[in-house]
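Provided below are the primary sequence and the corresponding predicted coordinates.
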Amino acid sequence: MRRPGGGRAPISERKPQLKSVLHEILEAHSAGSPTDERVRWTDLKPLQLAQRLLEHGIEVSRNTAATLLDQAGFRRRALCKERITGDVDPHERDRQFRYIGALRRLAGQRGIPVLSIDTKKKEPLGTLHRPGQCYSSAPQVVFDHDFSHLADGRLVPHGVDDVHANVGFITLGTSRETSAFVCDAFALAWESLFRAMYPAATELIVLCDCGGANAARSLRFKEDVIELTRRLGMRVRIAHYPPYTSQWNPIEHRLFSQVERAWSGVMLDSPETALQRVDNIRTQTGLRVTARLLDKVYEIGRKCSDTFRDVKDRFIRHDDVRGQWNYVIDANGIAC
C-alpha cells in the first residue's frame, strides 16, 4: 500500500510557471460572446495546447492538456437549439399546456378518443444513403451523394397516435403535405383502425401542432376539417400546441421515434419497402403500428371558398380559453 502523499506530485507543483503560462496562452486564443459575458470559447484543442506549452518549455501529454482545458472551464459542447425565433408569452404557453392536460384527463374519464397527429419530415426515395445500421447478410450499395435529382420520389409520412391505447397509424403519402392530405390521412386512420376501437364514439379530441398544413391560423385547414367531420359523422375538438413547442406533441416521442428506428440504415428504394418496415413495428411496451399507402395527388396553393369566412361561425366554436388554439368543429352545425 502506498503511504499518503506518495507518488508523483501534480504537474502544477512540478511546474510552478504552468498556471501563468496557461493563462497567457488561453488569453491569446480565446474569445467571448458579445451578448453573454459567461460564454467564452477557444480555438485550441488539447494537442494544440500541448504544443503551445511545449514552446514555453512545459511538456505535457494530450490527456493532461485536455484536463487543463477542462479545469479552465473549456469543454466540448454542442450548440443548444433553445432560443425562440418568435414572440411567445410563457404564461399563455403554460396556460395552454394545462388546458390540454385537463382535456386529456376529462376525455379519459368519459372514454373519448384522444388522437395526436403530425406529419413527419419528408423522406426521399431511391438508392440513397440513410443514417444508422440494420442487420443484413451483405452491405447495401447506394450513391455516394444524396443529390435531389437522384431520388425517385419522396414520402410524406403522416401519423395518428392514440394517447390512451398505445396504438399508432402511419399514412405514407407520395404527393405533398396539404390540409387535404392531413384530413384524408386522418380519415384513413379512423376508418381502417380506430373506428373499430371506438364504435360508440360521437366526439374526438385531436392534438396537433400550431404550424404546417394543420396551422391554427389556416382557414383552409378548418374548412377541410368541416368536411372531415361530415365524412366521419362526429364532432371534432382540436387543441393546438403553442408555437415552438411541437416536441411536446405526444406523437413525436411515442410514434415517430419508432418509425425513425425502423428506417435506420434501410435503403428506402420504394414506398412498399418503407411501408413494410413501419407496418412491422412492435415494441416491448406494447406499441402496435399499422401503416397504409396513400397515392392521391394533392394540389398546393388551394384557397378556402369565397363564402367560408361568412359561414364558418355556423360550424366552428372557439373556446373561451385561447380560442385561436382551441375550438370545436361540426359539419352539422355547432348548436347541434
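Great, that's in hand.

quick check: longest helix of this protein.
helix 90-110 (DSSP state H).

what comes up buried for it?
Applying a neighbour-count criterion of 16 or more other CB atoms under 10 Å, the buried positions in helix 90-110 are 93, 96, 99-100, 103-104, 107. All C-beta spots, glycine's among them, are computed from the backbone N, C-alpha and C.

just the CA trace of it, in CSV.
The C-alpha atoms that make up helix 90-110 are tabulated as CSV, following Å, rounded to 0.1, in the frame of the first residue of the first chain:
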residue,chain,number,x,y,z
PRO,A,90,-44.6,31.9,-21.4
HIS,A,91,-47.7,32.4,-19.3
GLU,A,92,-50.0,31.8,-22.2
ARG,A,93,-48.0,28.8,-23.3
ASP,A,94,-48.2,27.3,-19.8
ARG,A,95,-51.9,28.0,-19.7
GLN,A,96,-52.4,26.1,-22.9
PHE,A,97,-50.4,23.1,-21.7
ARG,A,98,-52.6,23.0,-18.6
TYR,A,99,-55.7,23.2,-20.7
ILE,A,100,-54.6,20.3,-22.9
GLY,A,101,-53.8,18.3,-19.8
ALA,A,102,-57.3,18.9,-18.4
LEU,A,103,-58.8,17.9,-21.8
ARG,A,104,-56.9,14.7,-21.8
ARG,A,105,-57.9,13.8,-18.2
LEU,A,106,-61.6,14.6,-18.9
ALA,A,107,-61.5,12.6,-22.1
GLY,A,108,-60.0,9.6,-20.3
GLN,A,109,-62.8,9.6,-17.7
ARG,A,110,-65.5,9.9,-20.4
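
who does that helix touch, helix- and strand-wise?
Helix 90-110 makes packing contacts with strand 114-119, strand 203-208, strand 235-240 when contacts are defined by 3 or more CB pairs under 8 Å, 6 or more residues apart in numbering; DSSP states H and E.

right, and the ones you listed - which one's nearest Leu268?
strand 114-119 (16.8 Å; CB to CB).

circling back: next one: the longest helix of the chain to chain centre, how far?
20 Å (CA atoms, centre = their mean, to the nearest Å).

hmm, who's touching that helix?
112-114, 163-164, 205, 207, 237, 239, 241-242, 245, 248, 321-322, 325-326 (CB atoms under 8 Å, 6 or more residues apart in numbering).

out of those residues, which end up buried?
Among these, those buried by neighbour count (16+ other CB under 10 Å) are 112-114, 163, 205, 207, 237, 239, 241-242, 245, 322, 325-326.

can you count the residues close to Ser137?
4 (other CB atoms under 10 Å).

for it, give its distance to Arg261.
For Ser137, the distance to Arg261 (CB to CB, to the nearest Å) stands at 21 Å.

just Glu299 next, same as before
33 Å.

how far off centre is stretch 150-170?
Distance, centroid of stretch 150-170 to centroid of chain: 13 Å (CA atoms, centre = their mean).

buried residues in that stretch?
So stretch 150-170, judged by 16+ other CB under 10 Å, has buried residues 151, 154-163, 165, 167-170.

then stretch 18-33?
Judged by neighbour count using 16+ other CB under 10 Å, the buried positions of stretch 18-33 are 18, 21-22, 25-26.

looking at the residues you listed, spot the one nearest Glu37.
Leu26 (16.2 Å).

pLDDT below threshold where in the protein?
1-2, 5, 86, 335-336 (pLDDT under 70).

rerun that using 50 as the cut-off
Scanning the chain for pLDDT under 50 picks out the ranges 336.

mind listing what the biggest strand by length in the chain pairs with, with the direction of each?
Using DSSP state E, we find that the single longest strand of the chain is strand 153-162. Here strand 153-162 is paired, per DSSP bridges, with strand 114-119 (antiparallel), strand 123-125 (antiparallel), strand 167-173 (antiparallel).

which residues does the second one contact?
Outside of strand 123-125, the residues that reach it under the criterion CB under 8 Å, 6+ apart are 146, 148, 151-155, 157, 263, 268-271, 274.

pull the number of nearby residues for Arg76.
Arg76 has 9 nearby residues by other CB under 10 Å.

ah, wrong one, I meant Thr42
Neighbours of Thr42 (other CB under 10 Å): 18.

identify the residue nearest it in space, chain neighbours excluded?
Ser30 (4.5 Å; CB to CB, 6 or more residues apart in numbering).

tell me the contacts of that neighbour?
Going by CB under 8 Å, 6+ apart, the list of residues near Ser30 reads 40-42.

helix/strand/coil for Arg292?
Under DSSP: H, G, I helix; E, B strand; the rest coil, Arg292 falls in the strand class.

show the end-to-end separation of stretch 230-249, please.
26 Å (CA to CA, to the nearest Å).

from Leu69, how far out is Asp330?
Asp330 is 63 Å from Leu69, by CB to CB.

again with Asp224
56 Å.

comparing these two, which residue is more hemmed in?
Using other CB under 10 Å, the more surrounded residue of Asp224 and Leu69 is Asp224, with 23 against 19.

does the more buried one count as helix, strand or coil?
helix.

which residues does it contact?
179-180, 182-183.

next, format those residues as JSON lines and append neighbour count, secondary structure and distance to Ser12.
Compiled in JSON lines, the contacts of Asp224 are given as follows (neighbours: other CB atoms under 10 Å; DSSP: H, G, I helix; E, B strand; the rest coil; distance: CB to CB, whole Å):
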{"residue": "Ser179", "neighbour count": "23", "secondary structure": "helix", "distance to Ser12": "65"}
{"residue": "Ala180", "neighbour count": "21", "secondary structure": "helix", "distance to Ser12": "68"}
{"residue": "Val182", "neighbour count": "26", "secondary structure": "helix", "distance to Ser12": "62"}
{"residue": "Cys183", "neighbour count": "22", "secondary structure": "helix", "distance to Ser12": "67"}
